[in-house]
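**Student:** test case, fold it:
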Amino acid sequence: MFRFVRCDCDGHGIGVKHEPEETDKGKTESVTTYLSYWVMGKWNMGVFDKIRYCWHIITTGNIYEDMVMLEEADRKKLIVALLEADDLLTEGG
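**Tutor:** I've put the predicted structure just below:
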């Protein structure tokens, strides 16, 4: 499953993909989460930067800028870090 979260500026986003890793018997053993950083439009991009961005897509096959892979422990740390914003709202409100 792939989900996309768009930045409020509409120029960037984060792609979230979960890949289950199964055992020989078909049981899910672990899940790796991939976070990809996307740039939908770069303002003030010169010709050289456009060529370099196209070359990045051609050579890597990736239209995203970068990717972070998270195993279970780090994924849980990220979840806790993101939920802290909700905690701040409830504490301050």
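
**Student:** can we go C-alpha only for contacts and neighbour counts from here?
**Tutor:** Will do.

**Student:** quick one: contacts for Tyr34?
**Tutor:** Tyr34 sits next to Gly15, Val16, Lys17, His18, Glu19, Met67, Val68, Met69, Leu70 when contact means Cα atoms under 8 Å, 6 or more residues apart in numbering.

**Student:** helix, strand, or coil at the residue nearest to the spatial centre of the chain?
**Tutor:** Nearest residue to the geometric centre of the chain (Cα atoms, centre = their mean): Leu35, 2.4 Å. With DSSP: H, G, I helix; E, B strand; the rest coil as the basis, Leu35 sits in strand.

**Student:** measure it to Leu82 for me?
**Tutor:** Between Leu35 and Leu82 the distance is 14 Å, computed by Cα to Cα, to the nearest Å.

**Student:** can you check Ser36 too?
**Tutor:** For Ser36, the distance to Leu82 - Cα to Cα - is 16 Å.

**Student:** so between the two, which is more surrounded?
**Tutor:** Ser36 (19 against 11; other Cα atoms under 10 Å).

**Student:** for Glu71, the count of nearby residues, please.
**Tutor:** 12.

**Student:** hmm, it is touching Glu29, no?
**Tutor:** No - look at Glu71 against Glu29 with Cα atoms under 8 Å: they stay out of range, at 11.7 Å.

**Student:** give me the common contacts of those two.
**Tutor:** Counting by Cα under 8 Å, 6+ apart, nothing touches both Glu71 and Glu29.
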